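**Q** The following block contains a protein sequence and its predicted model.
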Amino acid sequence: MVIRPANNELEQDGVGRCARLPSPVEILQALIRFNTTNPPGEEAACIMYIRQLLEDAGIKTRICALDPSRPNLLAKIKGSGEAPPLLLYGHVDVVGVDKQAWSRDPFGGDIEGGFVWGRGALDMKGGVAMLVSAFLRAHVRKLPLRGDLILAIVSDEEAGGEFGASFLVERHADYFAGVKYALGEFGGFAFHALGKTFYPIMVAEKQLCWLKATIRGDGGHGSMSKPDAGCMAQLGNMLQSLSSSKLPIRVTPAARLMIESMAAALPLLPALLLKGLLRPRLGGLILKLLGEKGGTFAPLLHNTVSATVVRGGEKINVHPSEITVELDGRTLPGVTPQQFMDELRRFAIHDSIELEVLRHDPCAAAPDMGMFGLLSDVLQEADKEAVPVPMLLPGGTDGRLFARLGIQTYGFLPMPLPKDMQFTKLIHAADERIPIEAIGFGTDAIYRVLERYGTPPLSSDG
């Protein structure tokens with residue numbers, strides 16, 4: 001069964017032809033049916049489907065690829081030049097489904113119970129369907145844009161972006177000249193708390209700071225005990241310390257904006273409790289009092305680190321003389337790798353263990369909020385109960401890569417969600433799905449942003 005919302009009317013395209021716009025739901029179903037599990041990705045067929053949609057409507061496209069099987073699509077609609085270009089971007093690769101118990105085909109794009117089911121429905125083929133649909137609508141309706149509108153559909157976000165956004169930023173930066181703002185993932189979904197319907201809009205994300213810890217010690221025969229000096233003993237101590245040590249609370253501008261905005265919408269006592277998180281001496285106690293709910297805020301107030309890969313030892317009867325541990329570090333905006341390593345030295349990792357930075361993707365210490373007001377207005381007009389709030393994302397997106405070009409990303413894929421839908425627990429999980437209503441809602445909201453972008457003139461308000 002294919003749902004065809006009312007916006008499937010024939011529309012006039014840019015070269016005078018009549019063309020039926022496929023609905024955002026139909027586009028999403030088609031996208032899900034391409035298995036773009038990364039690795040290996042193999043996003044080409046999915047990208048070419050989107051390219052055909054755009055070219056059928058008379059939009060010129062450009063394909064840029066480091067690997068032909070992992071292409072990226074670029075397209076542009078010219079504006080009047082009254083405002084800077086605006087970027088819409090999203091990725092079509094998805095994480096795998098192995099060993100997950102799905103009740104439906106994860107690559108079927110089935111519609112049932114008011115939802116579209118399948119891998120990527122939330123992350124982020126549903127968002128791509130919204131962005132592509134709004135872009136197509138702007139073209140065929142000849143929307144009078146005040147700034148150029150750029151669409152970038154990329155590969156490889158789920159594995160770091162080497163073939164996708166990173167490649168575009170490094171090799172095709174000229175295409176994004178003048179862009180100040182972008183709409184992409186991750187934000188705009190509704191969540192319900194204390195009788196309020198919050199819509200968090202991502203304005204910042206934590207930085208990637210991957211480290212390698214090298215542990216050295218005396219080798220020797222496995223039959224000889226090394227209770228203290230051996231690599232394994234040091235490894236055990238380090239892992240135990242990492243799991244038990246709490247890095248100190250740091251209050252960043254993005255976290256302050258998020259917490260103060262939420263508190264402003266709450267009754268007095270919950271508001272005071274929430275604002276207490278911004279006081280480092282009280283924050284730790286309040287996080288404990290909040291229990292499971294405190295887990296939502298904890299990574300927004302701390303740098304975090306997880307040991308993920310351990311390498312060492314060659315034979316069962318030989319003590320290793322060196323062990324390396326790869327650490328997935330996520331630092332708050334503005335924290336440097338050296339500050340992070342100093343913090344780890346103080347609270348979790350002994351000085352005798354060598355630390356090396358493997359990768360660091362920096363971002364601005366404070367977000368540019370110049371477009372936040374427009375996004376908030378659109379959400380409040382679409383949902384009278386909406387309480388838009390800026391969000392610091394504890395994970396990472398391609399936004400960190402476009403930030404190298406000075407582009408501020410807003411995670412803005414609006415989705416009204418049922419109160420009992422556990423949005424974050426469905427991402428990367430079995431039975432990932434999105435309400436049909438949310439897809440149309442998000443497309444309409446993005447289109448309204450395009451209608452109003454540049455009026456009144458945008459300002460940079462950090």
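**A** Perfect, thanks for sending it. Numbers count the residues shown, from 1 in each chain.
**Q** Quick check: which ranges of the stretch 201-350 of the chain have low pLDDT?
**A** By pLDDT under 70, the low-scoring segments of the stretch 201-350 of the chain are 226-229.
**Q** what ranges do the helices span in it?
**A** 231-244, 253-264, 268-275, 280-290, 294-301, 337-347 (DSSP state H, counting those that start in this stretch).
**Q** burial count for L131?
**A** When neighbours are defined as other CB atoms under 10 Å, L131 has 27 of them. No exception for glycine: its C-beta is placed from N, CA and C like everyone else's.
**Q** secondary structure class for the residue nearest in space to the middle of the chain?
**A** The centroid of the chain falls nearest to T397 when counting by CA atoms, centre = their mean (3.7 Å). Per DSSP: H, G, I helix; E, B strand; the rest coil, the local secondary structure of T397 is coil.
**Q** check contacts around L239.
**A** Contact analysis of L239 by CB atoms under 8 Å, 6 or more residues apart in numbering lists 307, 325.
**Q** nope, P435 is what I was after
**A** Listed by CB under 8 Å, 6+ apart, the contact partners of P435 are 114-115, 415-418, 421.
**Q** if I've got this straight, A438 is in a strand?
**A** No. Going by three-state DSSP, the assignment for A438 is helix, not a strand.
**Q** Can you report how many residues lie near it?
**A** For A438, the neighbour count with other CB under 10 Å is 27.
**Q** I'd assumed M415 was in contact with it.
**A** Yes. Counting by CB atoms under 8 Å, A438 does reach M415; the two are 3.8 Å apart.
**Q** any shared contact partners between those two?
**A** G126.
**Q** Which among the contacts of P435 count as buried?
**A** The neighbour count (16 or more other CB atoms under 10 Å) marks 115, 415-417, 421 as buried among the contacts of P435.
**Q** Nearest to T252 among those residues?
**A** Using CB to CB, M415 comes nearest to T252 of these, at 26.1 Å.
**Q** can I assume the closest one is in contact with F191?
**A** No. Counting by CB under 8 Å, M415 does not reach F191; the two are 10.2 Å apart.
**Q** okay, and the common contacts of those two?
**A** Applying CB under 8 Å, 6+ apart, one finds that M415 and F191 are jointly contacted by F423.
**Q** can you give me the helices in the stretch 351-462 of the chain?
**A** 372-382, 399-402, 423-426, 436-452.
**Q** So which bits of the third one are buried?
**A** Within helix 423-426, the residues that qualify as buried are L426, counting by 16+ other CB under 10 Å.
**Q** got a list of contacts for that helix?
**A** The contact list for helix 423-426 (CB under 8 Å, 6+ apart) reads 122, 189, 191, 415, 417, 432-433.
**Q** can you check stretch 35-49 too?
**A** 30-31, 34, 63, 68-73, 92-97, 107, 119-120, 153, 155-156, 158-159, 163.
**Q** show me what contacts G406?
**A** Applying CB under 8 Å, 6+ apart, we find G406 in contact with K180.
**Q** Need the phi and psi values for it.
**A** Here is the backbone geometry of G406 (degrees, to the nearest 10): phi 80, psi 20.
**Q** re earlier: burial-wise, tell me which of the helices of the stretch 351-462 of the chain comes out on top.
**A** helix 399-402 (a mean of 24; mean count of other CB atoms under 10 Å).
**Q** Can you give the distance of that one from its chain's centre?
**A** Remark: helix 399-402 is offset 10 Å from the chain centroid, using CA atoms, centre = their mean, to the nearest Å.
**Q** contacting residues around that helix?
**A** With CB under 8 Å, 6+ apart as the contact definition, helix 399-402 has outside contacts at 87, 89, 161, 165-166, 169, 176, 182, 184-185, 202, 205, 207-208, 361-363, 407, 409, 411.
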